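Asker: A predicted structure for the sequence below; I have some questions about it.
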Amino acid sequence: MTVTLIVLLVVLFLALLFIPFMRQIAKDKVELSQTTLPQKFETLFATINAGLMGGNGELTTFDDEPRLVNMMDHSHPNMLIQFYYSTANLSITLNYKFFQKELVWKKDYPGLRNITIFQQKDIANDFTFESSKRIREHQQNVSSEGLNSPYASTPMVETDTDEDPTAILTGMYRSLTLSQKQSIANLMYMIGAADSCSEKSVIEKQSFGMQLMTMRVKWDDCKQQYMKYGEQRVFEDLKNIEEGIMTQVILAILPLVVDEVIPGKPVPNPIRERKFFESFAKLGYSEEKIENMVQKIMLLSQHFGMG
């Protein structure tokens, strides 16, 4: 008798949990048969698309699973955002790859059966803000791994760009000597620390870590060369480097010249800016020439839909 009672209580308890769940699933089916997910969350999708993909994201729906939608910008396939709607709850998952290191982050938003446009805006802004923050942290962590890797300065093995997407980046510096690569890093440091910024704050900048990782050099080795030979070695090493490589160097250094006092609005630091132009003048690049080079890059980026 006692066992039977326990079994009945367990069954009753499970029913109390299961029945409301099944009711919500049934409501999902009715709702999504009348309104597709892109229609229901039109404002939410558009806001996230604008915030994280520059408005270039495309939605993919699935006939066999109407509760799932993927968003991707096919010109930047390292980011995928997945939306899954079930029992009036929306789960949004960010999938982001940086130098083959993947970030997966998910956030759930409950009770959206009768969501308003204002709620969609709030949720989209929240997800965009949190995702942007996590992407920056992920980039910083990956860059730091490359910066501290004990294998960073080992000789590069030739790889196919289809098999190794980083090969096209590292390949740009293949013609340089180790000393020249270290001088590029030291030039970045000279400019980044011109206003007496700490060494730690400079080398932890994302663009600095990425550049070291791309050139496959270690900061400790670069620093040792800088301490031994000073700025003179930097200018001697870099004076006759081809313009294509120097364009990439300029683009890598520019983020170190500015301060982001207001998020999303970088402002040039006058001391670092002066050091930047003085340094490149010694390498044969006038302020006007640098501005023309940057303008060309920006126009190309816009032409190919990257800017």
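Answerer: Cool, the structure landed.
Asker: what are the ranges of the helices in the stretch 151-300 of the chain?
Answerer: 167-170, 178-192, 199-203, 206-215, 219-238, 243-257, 270-282, 287-303 (DSSP state H, counting those that start in this stretch).
Asker: For Glu137, find the nearest of those helices.
Answerer: Glu137 sits nearest to helix 206-215 of all the helices of the stretch 151-300 of the chain, at 10.0 Å, using CB to CB. All C-beta atoms are positioned from the backbone trio N, CA, C, and that covers glycine.
Asker: now the closest one: how far from the chain's centre is it?
Answerer: Centre-to-centre, helix 206-215 and its host chain are 14 Å apart (CA atoms, centre = their mean, to the nearest Å).
Asker: From Asn125, how far out is Met188?
Answerer: 34 Å (CB to CB, to the nearest Å).
Asker: Of those two, give the one with the bigger neighbour count.
Answerer: Met188 (24 against 14; other CB atoms under 10 Å).
Asker: what's near enough to touch that one?
Answerer: Val202, Ser207, Phe208, Gln211, Ala252, Ile253, Leu256 (CB atoms under 8 Å, 6 or more residues apart in numbering).
Asker: Try it again at 6 Å.
Answerer: Going by CB atoms under 6 Å, 6 or more residues apart in numbering, Met188 touches Phe208, Ile253.
Asker: So it versus Phe208, what's the distance?
Answerer: From Met188 to Phe208 the distance is 6 Å (CB to CB).
Asker: now Leu103
Answerer: 20 Å.
Asker: Show me which of those two is the more surrounded one.
Answerer: Higher neighbour count among Leu103 and Phe208: Phe208, with 23 against 19, using other CB under 10 Å.
Asker: mind listing what that one touches?
Answerer: Met188.
Asker: hmm, back to that, so which of the helices of the stretch 151-300 of the chain is nearest Gln120?
Answerer: Per CB to CB, nearest to Gln120 of the helices of the stretch 151-300 of the chain: helix 287-303, 29.9 Å.
Asker: Let me see the mean pLDDT of that closest one.
Answerer: Mean pLDDT, computed over helix 287-303, is 75.
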